[in-house]
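A.B. asks: No sequence on hand, only this structure:
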């Protein structure tokens, strides 16, 4: 029988050259050499130990450890501490420094501005290597949960009502106990009831303290109120295909040449329309006059398109009907999820067609319109926009529709006391920015250019979310989350540089 040498896996002391563990061409090797070549003075502002105090861990060492951990889907500071203590690759990269998990967590949460400086320096390095083409930038975002509960969201009025309800319940429980005591010998309150009263009282007190510290609601778009969150008030409720989450929207601007992220920022808002112009301002130093900006329908609005036109920024921003007009997405409906595996497959009955706007005759002076029944409709409010064109709104008086014989052919709900309203295109309809963008994006050249957006930005999010296992933000506060998002973008860009150098 053959004999073999025993493979001994027991611990032992070995002479190891730590730098030799960083194999050229690997991500760890790239991180080690790139970080050492950068200006890390932005991290120095945090330290005050020039003359007194103990020596601190070098920011470069901490940055290397965090970047390597994030590249392997390791976000927990305790996990990074264990890796720096037990993993040979982390030991080599950190010089066996063994940083404590609190040091790592503090470094990540407070270093957003310094991380942004490192991110910009890496972009300069990638630009010198020719990895940023600046011909087409694709903008998109991913909504991720944050370290906050969506059940703690609401307006100040809702929080006040919740606090008052908790106080009422606690008072009811106490009054019930006192009533029982009045009828006989004094009895001790049940432990569960006492614990519930204490919990309700403490929670109501915390809620009232929060209301005092936050005297105003968060402002939303168009004067609306955006719900606050008592755990992380800078996060927001975001609608996703998996339901509503409490989190942040991580936005990335990706260059089409080599899928390099030229701008990354996290925002606590679900309205992507608000983010387009700030993101473009942030990446202004990376684009030039001929750079084409592409974005999906979430960033589309007439105001945004007007601002882009005024600034002279070349952009292709899709509207929410773009896919319906594009024959390449003709069969997209079959890929949408059904509400139930046993959904009703029978054809739905078509609603009866109503009188269209073409059946209404507009007066020459555009002061009124005549309906199919010969009744008069009058101008109503300001003009509106239909398909990118300016239209005039008309409304019938109640007396014209109440006893009309054509009511069932004109109104969607003829049994309710409603009247007909109609919008008619003006004879000299003004072409809006939306219509110009629609015509451009529907052209053959526009379809080809916009089609590059999918292959530019979607693989980046696939890399961050699947390969790097980024499924949530672990920090609280927009500034801290923004720093963490930039760290993941930095990992992606360093991988691009490492792969380029390996094949060059």
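C.D. replies: Received, thanks. Everything numeric in this text was worked out from a predicted model, so none of it was measured. Numbering: from 1, shown residues only.

A.B. asks: Surely residue 140 and residue 250 touch.
C.D. replies: No: counting by Cβ atoms under 8 Å, residue 250 is not a contact partner of residue 140; they are 9.7 Å apart. Every residue, glycine included, has its C-beta placed from N, CA and C.

A.B. asks: More neighbours: which of the two?
C.D. replies: In terms of neighbours (other Cβ atoms under 10 Å), residue 250 is the more surrounded of residue 140 and residue 250; the figures are 26 against 22.

A.B. asks: Which helix or which strand is home to residue 117?
C.D. replies: Residue 117 is located in helix 112-128, with elements delineated by DSSP states H and E.

A.B. asks: Following element in sequence after that helix, please.
C.D. replies: As assigned by DSSP H and E, the chain's next helix or strand after helix 112-128 is strand 136-145.

A.B. asks: That following strand pairs with which strands?
C.D. replies: Strand 136-145 pairs in its sheet with strand 243-255 (antiparallel), strand 292-295 (parallel), by DSSP bridges.

A.B. asks: Next, the buried residues of the first one.
C.D. replies: Residues 245, 246, 247, 248, 249, 250, 251, 252, 253, 254, 255 are the ones in strand 243-255 that count as buried (16 or more other Cβ atoms under 10 Å).

A.B. asks: With residue 462 as the reference, measure out to the third one.
C.D. replies: If I follow you right, that is residue 247. Separation of residue 247 from residue 462 (Cβ to Cβ, to the nearest Å): 19 Å.

A.B. asks: For the stretch 201-350 of the chain, just list every one of the strands.
C.D. replies: Counting by DSSP state E, counting those that start in this stretch, the stretch 201-350 of the chain has these strands, from start to end: 218-219, 225-226, 228-229, 236-240, 243-255, 261-267, 292-295, 315-317.

A.B. asks: Could you check those and tell me which one is nearest residue 95?
C.D. replies: Residue 95 lies closest, by Cβ to Cβ, to one member of those: strand 261-267, at 28.9 Å.

A.B. asks: my read: residue 70 touches residue 494, true?
C.D. replies: No: checked against Cβ under 8 Å, the pair residue 70 and residue 494 is beyond contact range at 10.2 Å.

A.B. asks: Common neighbours of those two, please.
C.D. replies: Between them, residue 70 and residue 494 share no contacting residue under Cβ atoms under 8 Å, 6 or more residues apart in numbering.

A.B. asks: Off-centre distance for stretch 210-228?
C.D. replies: Stretch 210-228 has its C-alpha centroid displaced from the chain centroid by 19 Å (Cα atoms, centre = their mean, to the nearest Å).

A.B. asks: 35 is where my numbering starts, stick with that
C.D. replies: Noted, 35 is the first residue going forward, which turns the last one into stretch 244-262.

A.B. asks: give me the number of residues near the closest residue to residue 90 other than its chain neighbours?
C.D. replies: Spatial nearest neighbour of residue 90, excluding adjacent residues (Cβ to Cβ, 6 or more residues apart in numbering): residue 81 at 5.5 Å. Residue 81 is flanked by 11 other residues according to other Cβ under 10 Å.

A.B. asks: Quick check: phi and psi at residue 81.
C.D. replies: Main-chain dihedrals, residue 81, degrees, to the nearest 10: phi -100, psi 140.

A.B. asks: That one and residue 91 touch, don't they?
C.D. replies: No: at 10.2 Å, residue 81 and residue 91 do not qualify as touching, with contact defined as Cβ under 8 Å.

A.B. asks: can you list the domains in this structure?
C.D. replies: Listed by automatic domain parsing, the domain ranges of the chain are 52-79+90-144, 170-178+270-360+476-519, 190-250, 391-465.

A.B. asks: between those domains, which gets nearest to residue 537?
C.D. replies: Residue 537 lies closest to domain 52-79+90-144 among those, at 9.4 Å (Cβ to Cβ).

A.B. asks: and the closest one, what's its mean pLDDT?
C.D. replies: Regarding domain 52-79+90-144, the rounded mean pLDDT is 94.
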